[in-house]
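J.: What follows is a predicted protein model with its sequence.
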Amino acid sequence: MSRTFYIKNPEAPKVMSTQELLDLVGGNFRQFALRAHDEDFDEMMQMPLNDFGHMLLGQEGISGRGFECSYSEDEHTYNVRVFTPSTSADWHGALSFIEKLATTFGVSVTDEEGETYEGNNITYDFRHDIAFGIASMQKGDEGYFIFGTMRPICFSEEDIDRILAAEDKVKAFDDFIAAQRQHEDLYIANPIFAKNDQDEIIGIYALTKTVPSVLPYKYPPFIDITKYNLSQEDIKEWRVVFADYDERLSGEDQFPTLGEIDYETFLERLPEEKIQKLDGHYMCLCLETKAEIKAILGEKKGLWEKIKALF
């Protein structure tokens, strides 16, 4: 579900690139679709938007879901799509972006229902759209997933009930998304998919000692269909690989492997007090010592480790 706004391009057939759009609107707007170290990052940022496709935009440190910007060659319009439900901050950001674009071009703005707004005064009732999205969230054992700027976000049945029971449901939704810590300096662990000797697909998460990481506390881990063309039926096994960190070394040598274990066993052995639940599926986890990792791997302490534990 979403709501789309259309801004006529008076410069057609010229189409701006993502970088040109960001330079035009200024402020703390940024893109969330690409990583700075991605191959051809600079080229894609300078690519006309109609050649790139759909770009996820938002505001640094503020956006919960961001908004999507694309270009219609048939209609010669920049299209801004706001997801349902999005946070109030997402809506303020999207409308500010639209208004800056429209006032620069000297054009009005039209939404998908044909409603027209002055470029500097978009009066769309976004709280109604948020409330509609909240009311449409479906409960289920696996949770209800939406996509944030940095990662998927999962609502458990309890989360949905709490938001629906709130006096101000929009604020409750805003607060839940804000609590996801998407803009903090956390490592968001993404799965790596590889094939074993039997040509079966293995899903692998990597955890590094002392690095606060975001990853699933539910099994099986959620597969982000916006990134991977895979289903749970395609995955033979899920595993976790543990790594140490040695700043004295360089490159991959900085992260020597400590061991690996299947994901379900990892969750069973993970101490409850280490789990900081963020939503209905993801947690923030930081394993501080090799001893914690070895305990999860099931490695027994040697004599010297037992002696040290006495002091």
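T.: Happy to help now that I have it. Residues are numbered from 1 along each chain as shown.
J.: Could you list the low-pLDDT ranges of this structure?
T.: 249-251, 253, 299-311 (pLDDT under 70).
J.: swap the cut-off to 80 and go again
T.: 245-254, 299-311 (pLDDT under 80).
J.: Can you show me the helices along the stretch 201-311 of the chain?
T.: 263-269, 290-297, 303-309 (DSSP state H, counting those that start in this stretch).
J.: doesn't residue 263 make contact with residue 240?
T.: Yes. If you go by Cβ atoms under 8 Å, residue 240 and residue 263 touch, sitting 5.6 Å apart. In short, each C-beta sits where N, CA and C put it, glycine included.
J.: what sits in contact with each of the two?
T.: Between them, residue 240 and residue 263 share these contacting residues under Cβ atoms under 8 Å, 6 or more residues apart in numbering: residue 205.
J.: who's more crowded, those two?
T.: residue 240 (24 against 21; other Cβ atoms under 10 Å).
J.: and that one, bridged to which residues?
T.: residue 205, residue 261 (DSSP bridges).
J.: ok, now which ones touch it?
T.: Residue 240 makes contacts with 204-207, 260-263, 266, as judged by Cβ under 8 Å, 6+ apart.
J.: run the last query once more with 6 Å
T.: By Cβ atoms under 6 Å, 6 or more residues apart in numbering, the contact set of residue 240 is 205, 207, 261, 263, 266.
J.: As a markdown table, those with distance to residue 275 would be great.
T.: Shown next, in a markdown table, are these (distance: Cβ to Cβ, whole Å):
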| residue | distance to residue 275 |
| --- | --- |
| 205 | 15 |
| 207 | 13 |
| 261 | 16 |
| 263 | 14 |
| 266 | 12 |
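J.: ok, so of the residues you listed, who is nearest residue 97?
T.: Proximity of the contacts of residue 240 to residue 97 (Cβ to Cβ) peaks at residue 205, which lies at 34.6 Å.
J.: So that closest one is in contact with residue 214, correct?
T.: No. Checked against Cβ atoms under 6 Å, the pair residue 205 and residue 214 is beyond contact range at 10.5 Å.
J.: ok so residue 50 is a helix residue?
T.: Yes. Counting by DSSP: H, G, I helix; E, B strand; the rest coil, residue 50 is found in a helix.
J.: Nearest residue to residue 171 in space, ignoring adjacent ones along the chain?
T.: residue 88 (8.0 Å; Cβ to Cβ, 6 or more residues apart in numbering).
J.: tally of neighbours for that neighbour?
T.: Residue 88 - counted by other Cβ under 10 Å - has 16 other residues nearby.
J.: That one and residue 289, how far apart?
T.: 41 Å (Cβ to Cβ, to the nearest Å).
J.: Residue 296 now?
T.: 11 Å.
J.: got it, and residue 69?
T.: Taking Cβ to Cβ, one finds residue 69 at 45 Å from residue 289.
J.: Which one's more surrounded, the two?
T.: More neighbours surround residue 69 than the other of residue 69 and residue 289, with 25 against 10 (other Cβ under 10 Å).
J.: Need the three-state assignment for that one.
T.: strand.
J.: Just to check, it is in contact with residue 58?
T.: No. Contact criterion Cβ under 6 Å: residue 69 and residue 58 do not qualify, at 10.2 Å.
J.: Now do the same contact list for residue 85.
T.: 130, 133-134.
J.: Recalculate using a threshold of 8 Å.
T.: Residue 85 touches 129-134, 137, 146, 173, counting by Cβ under 8 Å, 6+ apart.
J.: who touches both of residue 205 and residue 214?
T.: Common neighbours of residue 205 and residue 214 (Cβ under 8 Å, 6+ apart) are residue 189.
J.: would you list every one of the helices in the stretch 1-150 of the chain?
T.: With DSSP H, counting those that start in this stretch as the criterion, the stretch 1-150 of the chain has helices spanning 18-25, 41-45, 49-52, 88-105, 126-135.
J.: buried residues in the third one?
T.: When you say that, I think you mean helix 49-52. 49-50, 52 (16 or more other Cβ atoms under 10 Å).
J.: out of these, which one sits closest to residue 95?
T.: Closest to residue 95, out of all of the buried residues of helix 49-52 and judged by Cβ to Cβ, is residue 49, at 19.2 Å.
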